[in-house]
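S.K.: Below is the sequence, then the predicted model.
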Amino acid sequence: MMKKTIIDLFLIGVGGLVFSIGVNFFIIPNSLSEGGILGLTVIAHYLFGWSTGLINLVLNLSLIIVGYKFFERKIMLYTLFSVFTSSLFLHITESNRWMLTEDTLLSAVFAGLIIGIGLGLIFRAGGTNGGTTVLAQIANECLGLSIGKSMLLIDIIIVLGSVFVIGIDKGMYTIVSVYIGAKVIDFFVEGMDEKVAVFIMSNSADEIANNILHSMARGITILDGYGGYTGDNKKVLYIVISRTEFVRLKKLIKEIDSQAYVTIHQVHEVIRKGYKASIAEK
């Protein structure tokens, strides 16, 4: 348990460092902005010249104090550690800031990638990005919006507000950065252990099921079904596997029944003993 905690805290620290590099080496030198509390931090820096580390710390701690009841004890501790390390690294890298590229589009793309990697590491370790999470929880409580929609709404409002400071063109580049960052975060939180659900309809269902059980050593569910047009009874196979395992499964199905009907659906979370828990449950 102690070893896992140390690893988690190390990942949060690394995530904070990477995050700060994205802000101070790509966002600010090219006059871009961001969504969430980071967006407010950057805008305040542009307007008043205040330290990004200090602004980030004050804004996030203020919101965490207001919304502490929304956090479990472990997540609260990890979040506080995340906020302090991110703010510290923002302050340190701020004094060594330089422009790596003058191309605004490249800056937006790499800012999204680097900030996404940083926040992805923090989320993967069980921490959060602090203030935005609290605002999303409050919107969920007061307006009934989902956490995901609330965070998206907050990002949109802050990015739109930043247009008055950085201009429309830079605002549009900021949207590119935010979108890329969100996709990278999704990859770290879900994609590194991405699962897919596969439905298989075949006249050789028993043979396919037997091969999956023995050659892939994976469990499978067999459902009773019937054709809507023919009325014939059919067996439907259902299995949840990783995306990398699907390549092997597809080859196995094709060798047995090249005419099999197969559908694939992305799975966001699997809750059951034997499967890895979601990040939110850590």
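M.R.: On my side now, so go ahead.

S.K.: contacts for the strand ranked longest in the chain?
M.R.: Counting by DSSP state E, the longest strand found in the chain is strand 233-242. Here strand 233-242 makes contact (CB atoms under 8 Å, 6 or more residues apart in numbering) with 193-203, 205-206, 208-209, 212, 216, 218-227, 249, 267, 270. (Glycine included, C-beta is placed from N, CA and C.)

S.K.: C-terminal to it, which secondary structure element comes first?
M.R.: Counting by DSSP states H and E, the next helix or strand C-terminal to strand 233-242 is helix 243-256.

S.K.: So which bits of that following helix are buried?
M.R.: E245, F246, L249, I253 (16 or more other CB atoms under 10 Å).

S.K.: so which one among those has the lowest pLDDT?
M.R.: Scanning those for pLDDT, the low point is E245. It has 80.

S.K.: Find me whatever residue is spatially closest to it, sequence neighbours aside.
M.R.: Nearest non-adjacent residue to E245, counting by CB to CB, 6 or more residues apart in numbering: M216, 7.0 Å away.

S.K.: Contacts only, for the one you found.
M.R.: Listed by CB under 8 Å, 6+ apart, the contact set of M216 reads I241, E245, R248, L249, L252.

S.K.: Counting neighbours, what do you get for N211?
M.R.: When neighbours are counted by other CB atoms under 10 Å, N211 registers 17.

S.K.: right, and it touches L252 too?
M.R.: Yes. Under the criterion of CB atoms under 8 Å, N211 makes contact with L252 at 5.6 Å.

S.K.: what's the one helix or strand G39 maps to in contact with?
M.R.: Using DSSP H and E, G39 sits in helix 36-48. Helix 36-48 has contacts (CB under 8 Å, 6+ apart) with 23, 27-28, 31-34, 50-52, 55-56, 59-60, 63, 115, 129-132, 151, 154-155, 158-159, 161-162, 165-166.

S.K.: now with 7 Å?
M.R.: Residues outside helix 36-48 that contact it (CB atoms under 7 Å, 6 or more residues apart in numbering): 23, 27-28, 33-34, 50, 52, 55-56, 59-60, 129-132, 154-155, 158-159, 162, 165.

S.K.: State the distance from G36 to L249.
M.R.: 39 Å (CB to CB, to the nearest Å).

S.K.: Report the distance from the helix holding G39 to the chain centre.
M.R.: Relative to its parent chain, helix 36-48 has a centroid offset of 22 Å by CA atoms, centre = their mean, to the nearest Å.

S.K.: can you check stretch 227-236 too?
M.R.: 40 Å.

S.K.: Low-confidence stretches in the stretch 51-200 of the chain?
M.R.: Low-confidence segments of the stretch 51-200 of the chain (pLDDT under 70): 70-71, 133, 137, 140-141, 145-149, 190-194.

S.K.: residue ranges for the strands of it, please.
M.R.: Using DSSP state E, counting those that start in this stretch, the strands of the stretch 51-200 of the chain run over residues 195-201.

S.K.: which residue ranges form the helices in it?
M.R.: Listed in chain order, the helices of the stretch 51-200 of the chain (DSSP state H, counting those that start in this stretch) span 52-66, 73-94, 104-124, 131-143, 147-166, 168-189.

S.K.: Most tightly packed of the ones you listed?
M.R.: Most buried of those, by mean neighbour count (mean count of other CB atoms under 10 Å): helix 104-124, with a mean of 23.

S.K.: tell me what it is packed against?
M.R.: With contacts taken as 3 or more CB pairs under 7 Å, 6 or more residues apart in numbering; DSSP states H and E, helix 104-124 sits against helix 2-22, helix 168-189.

S.K.: Make a markdown table out of the ones you listed and add distance to F81.
M.R.: Output for those, formatted as a markdown table (distance: least, CB to CB, whole Å):
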| stretch | distance to F81 |
| --- | --- |
| helix 2-22 | 6 |
| helix 168-189 | 18 |
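
S.K.: Nearest to E72, out of those?
M.R.: helix 2-22 (14.2 Å; CB to CB).

S.K.: quick one: contacts of the closest one?
M.R.: Contacts with helix 2-22, where a contact means CB under 7 Å, 6+ apart, come from 78, 81-82, 85-86, 89-90, 93, 111, 114-115, 117-119, 121-122, 124-127.
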